[in-house]
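1. Below is the sequence, then the predicted model.
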Amino acid sequence: MTPSELLKDAFTRVVESAERVVDGLSEDQLTARPGADANTIAWLVWHIARGEDAQIADVAGTEEVWTAQGFVDRFALPLDPSASGYGMTTEEVGEVRAGPDLLTDYLRATHAATLAYLDTVTDADLDRVVDERWNPPVTLGVRLVSVVNDATQHVGQAAYVRGLLG
């Protein structure tokens, strides 16, 4: 198995897990909060897709799926179009409302773009520095693992919230 294949498998597991979480839920269930300031399933799944989309587009040098495929308009969120979930207030988290079909459509479209990009990544590419703002500078390999790690944590949180719904 190549590093690219390993990464593709990891990203695929996130999508499959997120699809299971949202399957069969209503928009009200997707936006239910187990606590006053808790993240909703809708926000968590949207943020998984937005985070992956923004970071993969950045390293691939492509437009985000969010804008390129019109998801920004389909979601019609009352947020800045560049919002991806990082640093959002609890009120902004509550503004992310969507049904399971729209969430999975965006997640799948982002996943397709990720897989297409990973098909172009060579083993040597993983050592390319993509962010000099950190010490040590962040390589492509580290960035991709970071995206998977963030997404895995959030899909686990979403699954937990679904379990709380009963």
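-> Received it, and whenever you're ready, just let me know what you need. Residues are numbered from 1 along each chain as shown.

2. Please count neighbours and contacts with C-alpha atoms only from this point.
-> OK.

3. Count the residues that sit near the closest residue to D23 other than its chain neighbours.
-> Closest residue to D23 apart from its sequence neighbours, by C-alpha to C-alpha, 6 or more residues apart in numbering: P100 at 6.6 Å. Counted with other C-alpha atoms under 10 Å, residues neighbouring P100 total 20.

4. which residue ranges form the helices in this structure?
-> Counting by DSSP state H, the chain has helices at residues 3-22, 27-30, 41-60, 65-68, 71-75, 90-95, 100-118, 140-164.

5. could you redo the ones you listed as TSV and give each row distance to E132?
-> TSV is the format used below for those (distance: least, C-alpha to C-alpha, whole Å):
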stretch	distance to E132
helix 3-22	23
helix 27-30	37
helix 41-60	13
helix 65-68	25
helix 71-75	29
helix 90-95	30
helix 100-118	22
helix 140-164	11
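
6. In terms of pLDDT, where does G166 sit?
-> According to the prediction, G166 has pLDDT 82.

7. I should have written L126 there, sorry.
-> Model confidence at L126, given as pLDDT, is 97.

8. now do the one 3 residues further on
-> As predicted, V129 sits at a pLDDT of 96.

9. Quick check: beta-bridge partners of it?
-> Under the criterion DSSP bridges, V129 forms beta bridges with T139.

10. count of residues packed around it?
-> That count, for V129 with other C-alpha under 10 Å as the rule, works out to 16.

11. Leaving out sequence neighbours, find the closest residue to T12.
-> Nearest one to T12, counting by C-alpha to C-alpha, 6+ apart, is H111 at 7.4 Å.
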